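Q: pasting the structure only:
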DNA sequence: GTCTATACTTGGATAGAC
DNA sequence: GTCTATCCAAGTATAGAC
């Protein structure tokens, strides 16, 4: 089939995504990327003009994904449910990107500037929803700032390191819990309860 | 005062902690560490035998801190409150170590093996508390695994990147919310509500 | 466009003077 | 114990053949 030589750029991006997520920006070498992609060393420079640009290219996919949704805030609970679903869905589809994003924010990397807008828009959306909800007496919390951290922490932290598996041994609910719908349901429940959401 | 030449080892550890937290293990160079510590390049090798060992040395402080507490599980809510307080307190006292720990777990780094036991013991403690609480009808949740992730996400994710500050502008509760007690209170409230804790 | 070979830079660790 | 100077390995990026 023709697509075995699946556009070299794509192969590089795929390999880079895996590596950056696992080893970080500095921990990943151009050699590793090219080996993993099965292409020659020179091609990262040729197609992207350097390692850093490969990194940014990965985030460009992401921008439209999150910047587009706008909530009308008429029904903050529904808005929040929707935001949670979108986020969890994306996290499951693109765990590497979430991972990379987390690294950047955590380390306050110099590359953050270029991807700031993505992070910003999500945070602002959440802020508006939480404020609207509190204003209408639907959510109950004291500190906006900390509550935003709690919600994001709940949303983002689902690294399932294989090394933690032993901790979950003999957990009963296993088959069902991995479907998107159930993960969304669990997450929504925890967060809405955390906010003491009243219907 | 004599302590200006505050043991070189300490100076190196302090500098390394800051740098590792901000730039990751690979992103930090021995040269940076020594510059920041104000000592000569050779001293990392001399005192620790390499960059990697500096990293491990930083975590050794941490082991006793968390491995010691044991909960009797008679009152899971009280145990959980206590775990939350300990964790938040430590997170505020040693944000860099939490940051480093998070990086390791997130990237599943090869260094994880050496610090596994720390992470393990905390996760197991939380597991036992959650299971005991559900068994006694005090907590209400479906998936143990996901719920553990939610709780840890809430606990760990409080990176206050300066770059996110604009997002929190004109938040009303500012002065009070930074004291340990109030942060603990906010966090406890969110988590216990998330677990639908019944007293 | 893609490859191999190579130039150039930076990083970790050591040698040896003090 | 601490410093400066240096070695060697590994990284990025480019040159030039195909």
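A: That came through, no problem. None of these values were measured; they are calculated from a predicted model.

Q: in the helix or strand where residue A:183 lies, what's buried?
A: Using DSSP states H and E, residue A:183 sits within helix A:180-194. Neighbour-count burial for helix A:180-194, with 16 or more other C-beta atoms under 10 Å in any protein chain shown as criterion, is recorded at A:182-194. Glycine gets a C-beta too; all of them are placed from N, C-alpha and C.

Q: now swap in stretch A:24-43 and tell me
A: Buried residues in stretch A:24-43 (16+ other C-beta under 10 Å): A:24-28, A:30, A:33-34, A:36-37, A:39, A:43.

Q: same deal with stretch A:79-99?
A: Neighbour counts over stretch A:79-99 (16+ other C-beta under 10 Å) mark A:79-81, A:83-88, A:90-91, A:94, A:96-99 as buried.

Q: still on that earlier bit, tabulate the buried residues of helix A:180-194 (JSON lines), appending distance to residue A:20.
A: As requested, the buried residues of helix A:180-194 are arranged in JSON lines below (distance: C-beta to C-beta, whole Å):
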{"residue": "A:182", "distance to residue A:20": "29"}
{"residue": "A:183", "distance to residue A:20": "24"}
{"residue": "A:184", "distance to residue A:20": "27"}
{"residue": "A:185", "distance to residue A:20": "31"}
{"residue": "A:186", "distance to residue A:20": "28"}
{"residue": "A:187", "distance to residue A:20": "25"}
{"residue": "A:188", "distance to residue A:20": "30"}
{"residue": "A:189", "distance to residue A:20": "32"}
{"residue": "A:190", "distance to residue A:20": "29"}
{"residue": "A:191", "distance to residue A:20": "28"}
{"residue": "A:192", "distance to residue A:20": "33"}
{"residue": "A:193", "distance to residue A:20": "35"}
{"residue": "A:194", "distance to residue A:20": "31"}
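
Q: coming back round to it: ok, which pair from the buried residues of stretch A:79-99 is furthest apart?
A: A:79 and A:96 (27.4 Å; C-beta to C-beta).

Q: so how far is the helix or strand of chain A with the lowest mean pLDDT off the chain centroid?
A: Lowest on mean pLDDT, DSSP states H and E among the helices and strands of chain A sits helix A:62-67, with a mean of 73. With C-alpha atoms, centre = their mean, to the nearest Å as the basis, helix A:62-67 stands 11 Å off its chain's centre.

Q: again, but for stretch A:146-156
A: That offset, for stretch A:146-156, works out to 13 Å (C-alpha atoms, centre = their mean).

Q: how about that stretch, does it get close to chain B?
A: Yes. Contact of stretch A:146-156 with chain B (C-beta under 8 Å from any C-beta of the partner chain) involves A:146-150, A:152-156.

Q: cool, stretch A:98-111 as well?
A: Yes. Counting by C-beta under 8 Å from any C-beta, chain B is contacted by stretch A:98-111 at A:99, A:102-103, A:105-109.

Q: neighbouring contacts of that stretch?
A: Residues outside stretch A:98-111 that contact it (C-beta atoms under 8 Å, 6 or more residues apart in numbering or on different chains) are A:17, A:20-21, A:24-25, A:52, A:55-56, A:58-59, A:62, A:90-91, A:112, A:115, A:118-119, A:156, A:159, B:21-24, B:27, B:99, B:102-103, B:106-107, B:159, B:161-164.

Q: out of these, which are buried?
A: Among these, the ones that count as buried by 16+ other C-beta under 10 Å are A:17, A:20-21, A:24-25, A:55, A:58-59, A:62, A:90-91, A:112, A:115, A:118-119, A:156, A:159, B:21-24, B:27, B:99, B:102-103, B:106-107, B:159, B:164.

Q: which ones among these are found in helices?
A: Using DSSP state H, the members of those that fall in helices are A:17, A:20-21, A:24-25, A:55, A:58-59, A:62, A:90-91, A:112, A:115, A:118-119, A:156, B:21-24, B:27, B:99, B:102-103, B:106-107.

Q: outline the domain layout of chain A.
A: A:2-58, A:61-194 (automatic domain parsing).

Q: one step back: who does the helix holding residue A:183 touch, helix- and strand-wise?
A: For helix A:180-194, the elements it packs on are helix A:76-93, helix A:144-156, helix B:144-156, helix B:180-194, judged by 3 or more C-beta pairs under 8 Å, 6 or more residues apart in numbering or on different chains; DSSP states H and E.

Q: reformat those helices as TSV; add mean pLDDT and distance to residue B:169.
A: Output for those, formatted as TSV (pLDDT from 0 to 100; distance: least, C-beta to C-beta, whole Å):
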stretch	mean pLDDT	distance to residue B:169
helix A:76-93	96	20
helix A:144-156	96	10
helix B:144-156	96	23
helix B:180-194	98	19
